[in-house]
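**Student:** need a 3D model of the sequence below.
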Amino acid sequence: MPHINIKYFEQPLTDDQLLKINEGISQVFLSIFECEAGAISIALEPIKATEWNQKVYIPEILNRANLLHKSPNY
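**Tutor:** You can find the predicted model right below:
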């Protein structure tokens, strides 16, 4: 705990970008949850832009709006 799942428009990410994502997100969660670094898992899930509405917006943003702590501006 915790597990972080990040969905984003499909695009190639370099090893350096992946490292920055992992280190940055891990640092934030370590400071808040005060857990061991080894307890954090991070998943990156690329989603085609044409599938965003069906796979992300409707099921996770619209239908689970009560769980959002930051909403998109669209």
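**Student:** what mean pLDDT does the helix ranked longest in the chain get?
**Tutor:** In terms of residue count, the longest helix belonging to the chain (DSSP state H) is helix 15-33. Rounded to a whole number, the mean pLDDT of helix 15-33 is 98.
**Student:** and it, what's buried?
**Tutor:** Within helix 15-33, the residues that count as buried by 16 or more other Cβ atoms under 10 Å are 21, 25, 29. Any C-beta I mention is one placed from the backbone N, CA and C, and that applies to glycine too.
**Student:** how about the strands of this structure, start to end?
**Tutor:** 3-9, 41-47 (DSSP state E).
**Student:** and those strands: which comes nearest L67?
**Tutor:** strand 3-9 (12.7 Å; Cβ to Cβ).
**Student:** tell me the strands beside that closest one, with direction?
**Tutor:** Taking DSSP bridges as the criterion, strand 3-9 forms sheet pairs with strand 41-47 (parallel).
**Student:** for whatever helix or strand comes next after the strand it pairs with, packing partners?
**Tutor:** Where DSSP states H and E defines the elements, the next helix or strand beyond strand 41-47 is helix 52. Using 3 or more Cβ pairs under 8 Å, 6 or more residues apart in numbering; DSSP states H and E as the contact test, no helix or strand touches helix 52.
**Student:** tell me the mean pLDDT over helix 52?
**Tutor:** 99.
**Student:** still on that earlier bit, quick one: the longest helix of the chain to chain centroid distance?
**Tutor:** 11 Å (Cα atoms, centre = their mean, to the nearest Å).
**Student:** from here on, call the first residue 551.
**Tutor:** Okay, residue one is now 551; in that scheme the one you just asked about reads as helix 565-583.
**Student:** so which elements touch it?
**Tutor:** strand 553-559, strand 591-597.
**Student:** identify whichever of those strands lies nearest to N603.
**Tutor:** Taking the helices and strands packed on helix 565-583 one by one with Cβ to Cβ, strand 591-597 is closest: 9.9 Å.
**Student:** could I have the CA atoms of the closest one written out in PDB?
**Tutor:** Output of strand 591-597 as PDB, limited to C-alpha atoms (Å, rounded to 0.1, in the frame of the first residue of the first chain):
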ATOM      1  CA  SER A 591       3.600   0.200  -6.500                       C
ATOM      2  CA  ILE A 592       3.000   2.400  -9.600                       C
ATOM      3  CA  ALA A 593       1.300   1.300 -12.800                       C
ATOM      4  CA  LEU A 594       1.400   3.300 -15.900                       C
ATOM      5  CA  GLU A 595      -1.500   2.500 -18.300                       C
ATOM      6  CA  PRO A 596      -1.300   4.100 -21.800                       C
ATOM      7  CA  ILE A 597      -4.700   4.700 -23.300                       C
END
